[in-house]
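# any chance you could fold what I've pasted below:
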Amino acid sequence: MFSFGFLFLLIFVSSCVTSDKDFDKQKVEDATEFEEVVKIESIDEPTPEPETEKNSSKSGNKKSDVSSKKKDKGAAKTVKTSKNKVKSPKETTPSKSEEKSAESSLKTKVPRQPELEDDEGFEGRRPKKVPYRVGEEIVLGISYFAVEAGKFTMKVEPMKQVNGKKSYHFKYIIKSSPLFNMFYRVDDVAETFVDYESLLPYSYEIHVDESKQVRETRTYFDHKTNKATMWDSKQKKGEDVEKKKIEWDILSYSQNVFSAAYYLRNFTLKVGKELKVRVGHEGKNIVMTAKVIRREEIYTDAGKFDTFVVKPQFNIEGKFKSVGENYLWLTADDRKFIVRLESKIKIGSIVGEVQKIKK
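Have a look, this model is predicted:
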């Protein structure tokens, strides 16, 4: 079962050095059917406003400034967008006034849903204080038995439009270290696109490039019909390409396994609080329960952090199924950065600790 803990695990299963891989990557990477359903477009950076006449007079070169002003206006009328880009009259990064406007409009519509989610700190579907920012980047060093295994990076990329809707773009990157590359190389990327206003995920993609396998998984959530579709294509070393398609009904307001980590940061954390979030994955509907265990001060290469320790668990089809114990350390401030993680596996534990934060 692909669990929340997968986000933090580097999978090293080989006991000997592997030879060069031989994969049909073109066939594995084919995403024709997914791209017919999901259209992801970049949003152009806004054209800077020309200098005002008031500012021009202060500059002492009014004629030149006015000429520049006319030039800028003309340029604004002839902005071209590529096939995968769309013009946006607004900033790609939400301003404070934009966030307040969205919060206000949501507040006047309907009470926060679903009822199983904690509503402290929310107005409608959006939190009063949004914890993530475009350009944010957190890099964790991953270790196994105190040996550096690789790096795990979480990034907030520039906003995108998904099927015409403004969306957050969250990305995860897992890379094995040179030492572990000798045994099993991992170079995986996962990304998810989340609606700006509802905070519901539209799609996610998994791009796996490892010593013994390549895999491409794409999933689309249609929240209007509560239907989900997953397209999966993989090839193990020495085997044929395997393809499968799964369609299933999802519960309303469901997250996916990748959006859930960022979505968790929206909640108000307090020791003893138990948070619940619906998650849809590979034909299953899961309830993720995240309990705030304790408050703890930790020391890392990136500095000292006051944190809340959170333990996420899963409830699958009404029966608890153990997937190993996972713990997250989130900063005890408005940003709630994930600065440490620990995932207990069959033999030992995978530990991730922050090395770099770009706010």
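# which residues touch L269?
Residues in contact with L269, defined by CB atoms under 8 Å, 6 or more residues apart in numbering, are 292, 308, 310, 330, 332, 336. For the C-beta atoms, the positions are set from N, CA and C on the backbone; glycine is no exception.
# now, among these, which is nearest to E123?
Here the nearest of the contacts of L269 to E123, counting by CB to CB, is K336; it sits at 17.7 Å.
# just give me the neighbour total for the closest one.
Residue crowding around K336 was assessed by other CB atoms under 10 Å; the count is 23.
# is it correct that it is in contact with R265?
Yes. The criterion here is CB atoms under 8 Å, and K336 meets it with R265 at 4.1 Å.
# intersection of neighbour lists for these two?
In the contact map built from CB under 8 Å, 6+ apart, the residues linked to both K336 and R265 are 131, 330.
# looking at this protein, which helix or strand is least sure?
Within the chain, no helix or strand scores below strand 319-320, which has a mean of 36 by mean pLDDT, DSSP states H and E.
# quick check: next helix or strand after that one?
Along the chain past strand 319-320, the next helix or strand (assigned with DSSP states H and E) turns out to be strand 326-331.
# pull the CA atoms of that following strand into PDB?
Extracted C-alpha coordinates of strand 326-331, given in PDB (Å, rounded to 0.1, in the frame of the first residue of the first chain):
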ATOM      1  CA  ASN A 326       5.700   7.800  11.200                       C
ATOM      2  CA  TYR A 327       6.500  11.000  13.100                       C
ATOM      3  CA  LEU A 328       6.700  14.600  11.800                       C
ATOM      4  CA  TRP A 329       8.200  17.600  13.500                       C
ATOM      5  CA  LEU A 330       6.400  20.900  12.400                       C
ATOM      6  CA  THR A 331       7.600  24.300  13.500                       C
END
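# partners of it, with directions?
For strand 326-331, the paired strands and their directions (DSSP bridges) read strand 303-316 (antiparallel), strand 338-344 (antiparallel).
# now do the last one: everything it contacts.
By CB under 8 Å, 6+ apart, the list of residues contacting strand 338-344 from outside reads 5, 8-9, 138, 140, 152, 154, 261, 265, 298, 300, 302, 305, 307, 324-331, 349-354, 357.
# drop anything exposed from those.
A residue is treated as buried here by neighbour count (16 or more other CB atoms under 10 Å); on that basis the buried members of the contacts of strand 338-344 are 5, 8-9, 138, 140, 152, 154, 261, 265, 298, 300, 302, 305, 307, 326-331, 350-354, 357.
# okay, and the beta partners of H281?
When assigned by DSSP bridges, H281 has beta-bridge partners K284.
# what's the neighbour count on the nearest residue to V279 once chain neighbours are set aside?
Excluding its sequence neighbours, the residue lying closest to V279 (CB to CB, 6 or more residues apart in numbering) is I286, at 4.4 Å. Here the number of neighbours of I286 (other CB under 10 Å) works out to 24.
# mind checking the SS state of V130?
Reducing the assignment to helix, strand or coil with DSSP: H, G, I helix; E, B strand; the rest coil, the entry for V130 is coil.
# so how many other residues sit close to it?
Under the neighbour criterion other CB under 10 Å, V130 is assigned a count of 19.
# again with L116
Around L116 sit 13 other residues, with neighbours defined as other CB under 10 Å.
# now it, what's its secondary structure?
Taken by three-state DSSP, the conformation at L116 corresponds to coil.
# how much space between the spatially most central residue of the chain and N163?
What sits nearest the mean C-alpha location of the chain, by CA atoms, centre = their mean, is F170, with 2.8 Å. Here F170 is placed at a distance of 17 Å from N163 (CB to CB, to the nearest Å).
# over to F314?
Using CB to CB, F314 is found at 29 Å from N163.
# cool, and S349?
For S349 relative to N163 (CB to CB), the value is 40 Å.
# go on, Y184?
When CB to CB is applied, the distance between Y184 and N163 equals 37 Å.
# so if I had to pick from the two, which one is more boxed in?
Between Y184 and N163, counted using other CB under 10 Å, the more crowded position is Y184 (20 against 16).
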